[in-house]
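In: Please work out how this folds:
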Amino acid sequence: MKAENKVITLKAELPAYGGFSIGRCNGKIVFIKNSIPGETIEARLEEKGDYYNASTIKILEPSPDRVKPDCKFFGICGGCQLQYISYPRQIVLKEKVLKDSLKRIGKINMQLSESLFDSNPFYYRHRGQFKVSNGKIGFYKKKTTEVVEIDNCLLMIDEINEYLLKAHNILKNRQYAAVIREMHISCKDKVVVLIKVRANHLLKWDKLASELMQEGFHGVFIDSGRRLFKYGRHYITFDLEDLKYTISPMSFFQSHWRLNQKVVRFIRDNLQPFDGKRILDLYSGAGNFSLPIAHEAGEVIAVEENPFAIEDGKRNLQINGIKGYRFILSSIENLNIKESVDILILDPPRSGLTNAAIYKILAMAPKKIAYISCNPATFARDLRKLLAGYELQSIRMIDFFPHTYHIESLAFLRMK
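Out: Coordinates of the predicted model:
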């Protein structure tokens, strides 16, 4: 009988990125779903060439950190992966995954500094990106495009869940249910929604927007794929240090805002002093990390490819009366800055930095770098390249997404 047809006993040994644990069978690595390192389980194997995937069938020796998931949709919805693990253990496992990536990929064997996280792993998200199909609204089932209908998500703040129910009311209209494919609800002082619709539909968007606003939404963006329609309030407003920080539905922001404020403050405190310094913020978004230090710096240059984020950023400058700060719409690869840079802030996408970006950073030779990452593999790869001109001061894990396998990281570097 082939190994993949067997139910076998496995020992989960180590954590792996993606919410897996690692075991071994027949000399091959096994990636185990729904297990915790240290547990002994029964699992069914699926051969994948030089490794196996394993689905847990029965826990023979459970970890003391195994808990009952609070969410009634856990195991069906693909939004969370780790709710069966106590939150303190989730932090430890993510730290181990980060440390392993640094060692294997970056050849960096460095003790991690204390992680940054919030004490409450629930009710933290200020934006929910919900999928819509056949009148259902929720999240995709694991590894499918089938929508699991959700009426309450424990990761969302209460207001998001309240407006999720209002979205259900809209989708009772079959005409709307057939057209809408995604609803992104963002909430702070106001509630705005981005509606992504299926191609080649020509509904009267004014009517849809009017009905959404009658349900209580303050602003509605409708993305038809060819054109963006805007109604009502165009942004929500957060408190960021002593600033007002505005964000539209078309811009990224750290949806775990409680922790974001802590991280922003931490980065500011560790990059000081700023007097007279020129600060370059690459992949800046609307200025989340650099706006709060602008009043102390000599000059801030924020570089971003998303024009909607730059529109938000310029509004933030105006609302807060910030001077000596400018946004540039550009990729880092096409960026042409002749001035010297004292401090560099990096927050790239999951793909990390291109070789051209690394070359440009090394050529600019900032004295200090703060690198925020959402992918441990590309983070480790990029740090290894940056060490050609820099030395690491510290590395730590940031848990912006409790109960999921996502890992964010922060490194401080200084010129050799």
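In: Name the single longest helix found in the protein.
Out: In the chain, taking DSSP state H as the definition, the longest helix is helix 87-104.
In: and that one, what does it pack onto?
Out: strand 14-16, helix 376-386, strand 390-398 (3 or more C-beta pairs under 8 Å, 6 or more residues apart in numbering; DSSP states H and E). The way it works is simple: take the backbone N, C-alpha and C, and place the C-beta from them, glycine included.
In: Buried residues of the last one, list them for me.
Out: Looking back up the chat, that one is strand 390-398. 390, 392, 395-398 (16 or more other C-beta atoms under 10 Å).
In: Now do it, average pLDDT.
Out: Averaged across strand 390-398, the pLDDT comes to 98.
In: from the middle of its chain, how far away would it be?
Out: 19 Å (C-alpha atoms, centre = their mean, to the nearest Å).
In: And for the first one?
Out: A distance of 21 Å separates the centroid of the chain from that of strand 14-16, by C-alpha atoms, centre = their mean.
In: try stretch 293-300
Out: In this view, stretch 293-300 has its centroid 27 Å away from the chain centroid, taken as C-alpha atoms, centre = their mean.
In: in it, what's buried?
Out: Counting neighbours by 16+ other C-beta under 10 Å, stretch 293-300 gives 293-295, 297, 299-300 as buried.
In: Kindly check the end-to-end length of it for me.
Out: End-to-end distance for stretch 293-300: 9 Å, by C-alpha to C-alpha, to the nearest Å.
In: Please, where are all the helices along the stretch 251-400 of the chain?
Out: 257-271, 307-320, 355-364, 376-386 (DSSP state H, counting those that start in this stretch).
In: Which among the ones you listed is found nearest to Glu339?
Out: Closest to Glu339 of those, according to C-beta to C-beta: helix 355-364, at 9.3 Å.
In: what helices or strands is that closest one leaning on?
Out: strand 343-346, helix 376-386.
In: now the angle between helix 355-364 and the last one, please.
Out: In other words, helix 376-386. The directions of helix 376-386 and helix 355-364 differ by 40 degrees, with axes from the mean of the first three to the mean of the last three C-alpha atoms, to 10 degrees as the criterion.
In: contacting residues around helix 376-386?
Out: 17, 97-98, 101-102, 104-108, 348, 350-353, 355, 358, 361-362, 369, 371, 373, 392, 395, 407, 409, 411, 413 (C-beta atoms under 8 Å, 6 or more residues apart in numbering).
In: What pairs with the biggest strand by length in the chain, parallel or antiparallel?
Out: Ranked by residue count under DSSP state E, the longest strand found in the chain is strand 51-61. Using DSSP bridges, strand 51-61 pairs in its sheet with strand 28-33 (parallel), strand 40-47 (antiparallel).
In: Out of these, the one nearest Lys58 is which?
Out: strand 40-47 (4.2 Å).
In: Which residues does the helix or strand just after the longest helix of the chain contact?
Out: Per DSSP states H and E, the first helix or strand lying C-terminal to helix 87-104 is strand 127-133. Here strand 127-133 makes contact (C-beta under 8 Å, 6+ apart) with 137-140, 145-147, 150, 153, 156, 160, 164, 167, 171, 177, 180-187, 253, 255.
In: The same query, at a cut-off of 6 Å, please.
Out: The contact list for strand 127-133 (C-beta atoms under 6 Å, 6 or more residues apart in numbering) reads 137, 140, 147, 156, 160, 180-186, 255.
In: can you give me the mean pLDDT across it?
Out: On average, strand 127-133 scores 96.
In: Identify the residues contacting Leu329.
Out: Contacts of Leu329 were listed using C-beta under 6 Å, 6+ apart, and they are 307, 310.
In: For it, list each beta-bridge partner.
Out: Beta-bridge partners, per DSSP bridges, of Leu329: Glu304.
In: Identify the residue spatially nearest to Tyr84, adjacent ones excluded.
Out: Pro69 (5.4 Å; C-beta to C-beta, 6 or more residues apart in numbering).
In: CA atoms only: put the longest helix of the chain into CSV for me.
Out: What follows is helix 87-104 as a C-alpha-only set of coordinates in CSV (Å, rounded to 0.1, in the frame of the first residue of the first chain):
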residue,chain,number,x,y,z
TYR,A,87,-2.3,32.9,21.8
PRO,A,88,1.0,33.0,23.8
ARG,A,89,2.1,29.8,22.0
GLN,A,90,1.1,31.3,18.6
ILE,A,91,3.7,34.1,19.4
VAL,A,92,6.4,31.6,20.2
LEU,A,93,5.7,29.5,17.1
LYS,A,94,5.8,32.6,14.8
GLU,A,95,9.1,33.7,16.4
LYS,A,96,10.6,30.2,15.6
VAL,A,97,9.4,30.4,12.0
LEU,A,98,11.0,33.8,11.6
LYS,A,99,14.2,32.7,13.2
ASP,A,100,14.4,29.7,11.0
SER,A,101,13.8,31.8,7.8
LEU,A,102,16.6,34.1,8.9
LYS,A,103,19.0,31.3,9.5
ARG,A,104,18.2,29.2,6.3
